[in-house]
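A.B. asks: Structure of the sequence below:
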Amino acid sequence: MEYAFTFPTGTVRYLFQRQLEHLSLYADPKTFIVITDEKLRDLYGKELRGYTILALPPGEESKSLDSLAYLSRELLKNHVHRRHMLLGFGGGVITDITGYLACSYMRGVGFGFVPTTLLAMVDAAVGGKNGVNIEPYKNILGALAQPEFIYYDLNLLLSLPDEEWRNGFAEIIKYGCMADSRVLKTLEDERLSFFQQHPQELETLIIGCIDIKNKIVHADEKENNVRKLLNFGHTAGHAFERQYQLHHGEAVALGMLVACIVSEKECNLDPAFRRRLAALLRRYGLPCHLDFSVAQVMDNMQTDKKRNDEGIDYVLLEKPGVGIIRKLPFEKIEAALQQFLDEGDC
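C.D. replies: Residues are numbered from 1 along each chain as shown. Just a heads-up that it's a prediction; the model follows:
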């Protein structure tokens, strides 16, 4: 199965129901340089035989300027020029840095992705955002550019630990909250184990999330307006993630609950939805409470790219499946964080 989606900056081919052993039919080893991490290189070295492979240590720490410089030097050593292309083979860290490297190296080379985590399949590899961190701040340097293709082999998910599945489902729940409440109903009817055992249903879910994201990105590729809706749960979530070294999905889960508290005050969101969301998060193994310092989380938010002198653009819910963007003063966010801390597991 294949379909293409055209953005203002380029057309992306989404290649579904593929197998890694057939990758060379779409990415010629003579042309493509694989960027991955050391764990994936060791795990899939046989399938990637014939490719020039550049590997980073696994983990968020590799999404850095030091890694960018290392990869650039290695490309030069391998005489890579503008007719070559880069292939990001990995999770969000790898796809983010590969895309940014491709945008930067020799002022731009083509690139594609083979996402290996559920989070990357539904979110990180999709939409054209690429970048690196300047610790502890996420995605401070980056560029918007679309890959030429994204290659989906769901068999790559079979080796994932459960925590990586949970990370992906946090983003899927996000899509249901801010864009399509039918996603929430689908998730409530099943469990994580069901999707692990039924790849066709999982693929349908992934395609639905990609469709939601693509339509939003097409309307606002540079994130001047509606694309910010995709940040539901991420404003507080990124602060939690940085401050307490949480997994991305765990942090987003907590951030969505904080956003619901603000939404109850600002948009009259029914408080029953927060209880419904908490039950769904628990159903997919995600947290609903954290002991944290409100002051430290607020301090982390000061570096969010959506802030300005008046406050921060925050994604709220009018109702399930309907997100809005509202500029909020930091005092209202701080009050919501304090309420979230005080109320415990809702």
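A.B. asks: Which stretches in the stretch 201-346 of the chain count as helices?
C.D. replies: 234-244, 248-266, 271-283, 294-301, 330-343 (DSSP state H, counting those that start in this stretch).
A.B. asks: Could you check the angle the first one makes with helix 330-343?
C.D. replies: With axes from the mean of the first three to the mean of the last three C-alpha atoms, to 10 degrees as the criterion, the two stretches helix 234-244 and helix 330-343 enclose an angle of 60 degrees.
A.B. asks: same deal with the longest one?
C.D. replies: Helix 248-266 runs at 110 degrees relative to helix 330-343, counting by the same axes, to 10 degrees.
A.B. asks: quick one: least confident helix or strand in this structure?
C.D. replies: strand 307-308 (a mean of 68; mean pLDDT, DSSP states H and E).
A.B. asks: where are the low-confidence patches of this structure?
C.D. replies: 304-309, 345-346 (pLDDT under 70).
A.B. asks: mind running it again at 80?
C.D. replies: 136-137, 303-310, 344-346 (pLDDT under 80).
A.B. asks: Centre-most residue in it?
C.D. replies: By C-alpha atoms, centre = their mean, the chain has its centre lying nearest to A124, at 3.4 Å.
A.B. asks: show me what contacts it?
C.D. replies: G91, G92, T95, D96, P115, T117 (C-beta atoms under 8 Å, 6 or more residues apart in numbering). From N, CA and C alone the C-beta is placed, and that goes for glycine too.
A.B. asks: now with 7 Å?
C.D. replies: G91, G92, T95, D96 (C-beta atoms under 7 Å, 6 or more residues apart in numbering).
A.B. asks: who wins for most neighbours among these?
C.D. replies: T95 (31 neighbours; other C-beta atoms under 10 Å).
A.B. asks: Which strand or helix spans that one?
C.D. replies: helix 92-104 (DSSP states H and E).
A.B. asks: What are the contacting residues of the following helix or strand past that helix?
C.D. replies: Scanning forward in sequence from helix 92-104 by DSSP H and E, the next helix or strand is strand 110-115. If you take C-beta under 7 Å, 6+ apart as the criterion, strand 110-115 is touched by 23, 27, 85-89, 95, 98-99, 102, 121, 125, 147-151.
A.B. asks: burial measure for the closest residue to I134 other than its chain neighbours, as a count.
C.D. replies: Spatial nearest neighbour of I134, excluding adjacent residues (C-beta to C-beta, 6 or more residues apart in numbering): I140 at 4.6 Å. Other residues within reach of I140, judged by other C-beta under 10 Å, total 13.
A.B. asks: do you know how far I140 is from N231?
C.D. replies: Distance, I140 to N231, by C-beta to C-beta, to the nearest Å: 15 Å.
A.B. asks: picking up where we left off before, so can I have CSV of the contacts of A124 showing distance to L65?
C.D. replies: Output for the contacts of A124, formatted as CSV (distance: C-beta to C-beta, whole Å):
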residue, distance to L65
G91, 19
G92, 18
T95, 17
D96, 13
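A.B. asks: Closest one of those to G344?
C.D. replies: Using C-beta to C-beta, the shortest approach to G344 within the contacts of A124 belongs to G92, at 30.4 Å.
A.B. asks: tell me the contacts of the closest one?
C.D. replies: L119, A120, A124.
A.B. asks: isn't the second one right up against F89?
C.D. replies: No. A120 sits out of contact with F89 when judged by C-beta atoms under 7 Å, with a separation of 10.2 Å.
A.B. asks: on that earlier part again, give the helix, strand or coil label for the residue nearest to I134.
C.D. replies: strand (DSSP: H, G, I helix; E, B strand; the rest coil).
A.B. asks: roughly how far apart are it and A125?
C.D. replies: 20 Å.
A.B. asks: same thing with G321?
C.D. replies: 24 Å.
A.B. asks: more crowded one of those two?
C.D. replies: A125 (32 against 17).
A.B. asks: Spit out the contact partners of the more buried one.
C.D. replies: Counting by C-beta under 7 Å, 6+ apart, A125 has contacts T95, F113, P115, I150.
A.B. asks: Please, where are all the helices along the stretch 1-150 of the chain?
C.D. replies: Under DSSP H, counting those that start in this stretch, the stretch 1-150 of the chain gives helices at 38-43, 65-77, 92-104, 118-119.
A.B. asks: Please identify the most buried of the ones you listed.
C.D. replies: Of all these, helix 118-119 has the most neighbours on average by mean count of other C-beta atoms under 10 Å, namely a mean of 28.
A.B. asks: Tell me the helices and strands packed up against that one.
C.D. replies: Using 3 or more C-beta pairs under 7 Å, 6 or more residues apart in numbering; DSSP states H and E as the contact definition, the elements that helix 118-119 packs against are helix 162-178.
A.B. asks: Show me what the helix it packs on is packed against.
C.D. replies: Checking 3+ C-beta pairs under 7 Å, 6+ apart, helix 162-178 ends up next to helix 118-119, helix 181-189, helix 192-197, helix 199-219, helix 248-266, helix 271-283, strand 311-319.
A.B. asks: Of the ones you listed, which stretch is the most buried?
C.D. replies: helix 118-119 (a mean of 28).
A.B. asks: Can you name the residues in contact with that one?
C.D. replies: Residues contacting helix 118-119 (C-beta under 7 Å, 6+ apart): G91, G92, L157, E164, W165, N167, G168, E171, H248, G249.
A.B. asks: Turn those into a markdown table, columns for distance to I212.
C.D. replies: Shown next, in a markdown table, are the contacts of helix 118-119 (distance: C-beta to C-beta, whole Å):
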| residue | distance to I212 |
| --- | --- |
| G91 | 20 |
| G92 | 18 |
| L157 | 20 |
| E164 | 21 |
| W165 | 20 |
| N167 | 18 |
| G168 | 15 |
| E171 | 11 |
| H248 | 19 |
| G249 | 18 |
